[in-house]
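Q: Quick check, what structure comes out for this input:
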Amino acid sequence: MYQQRQLQRQAQQQLLDNEVAFNEQLIAEREQDIVEIERGIVEVNEIFRDLGTIVTEQTPLFDNIESNVHIVDTHIENAVGELDQADHYHRQSRKNALYLMLIVIFVGTVLIIANSG
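A: So this is what the prediction gives:
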């Protein structure tokens, strides 16, 4: 009976030792996973810092582009106005050319009639 108890204690001790070893291994693996997660977080932090720097450096370029777009928009509006005015002048010059041609034909007809009679 004493021997049986001692065997039971040894078996229990062996089970506890195995459980402790398993738990220690589990803790070591989790520690390693935590270290890898920490490295990942540090890398993500560096990426965000770099991105912030890039955005800060690019802001004047974006402002310049925006300013140029507004300038181009203004120039296009002015160009449309000038094209409308040129179209008006072109139509007006056609009318004036037609009137001039009619006057020349009328004067020519009057001169021909006056010279023949």
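
Q: So Asp78 versus Val69, what's the distance?
A: No, residue 78 isn't Asp; it's Asn. 15 Å (CB to CB, to the nearest Å). Any C-beta I mention is one placed from the backbone N, CA and C, and that applies to glycine too.

Q: helix/strand/coil for Leu100?
A: helix (DSSP: H, G, I helix; E, B strand; the rest coil).

Q: Need the pLDDT of it.
A: For Leu100, the model assigns a pLDDT of 93.

Q: In contact with it: list those residues for me.
A: By CB atoms under 8 Å, 6 or more residues apart in numbering, no residues touch Leu100.

Q: and Gly52, how many residues sit next to it?
A: For Gly52, the neighbour count with other CB atoms under 10 Å is 10.

Q: Just the element for it, please.
A: helix 2-116 (DSSP states H and E).

Q: How far off centre is that helix?
A: Helix 2-116 has its C-alpha centroid displaced from the chain centroid by 0 Å (CA atoms, centre = their mean, to the nearest Å).

Q: oh, and call the first residue 26 from now on, that's how I've got it
A: Okay, residue one is now 26; in that scheme the one you just asked about reads as helix 27-141.

Q: I'd like the distance between Leu32 and Gln38.
A: 11 Å.

Q: Where does pLDDT dip in this protein?
A: The chain contains residues with pLDDT under 70 at 142.

Q: what about Asn43, how many neighbours?
A: By the criterion of other CB under 10 Å, Asn43 has 10 neighbours.

Q: From Glu49, how far off is it?
A: 11 Å.

Q: Spit out the contact partners of Ile79.
A: Taking CB under 8 Å, 6+ apart as the definition, Ile79 has no contacts.

Q: Let me see the contact set for the residue nearest the centre of the chain.
A: In the chain, the centroid-proximal residue (CA atoms, centre = their mean) is Phe87; its distance is 10.4 Å. Neighbour list for Phe87: empty [criterion: CB under 8 Å, 6+ apart].
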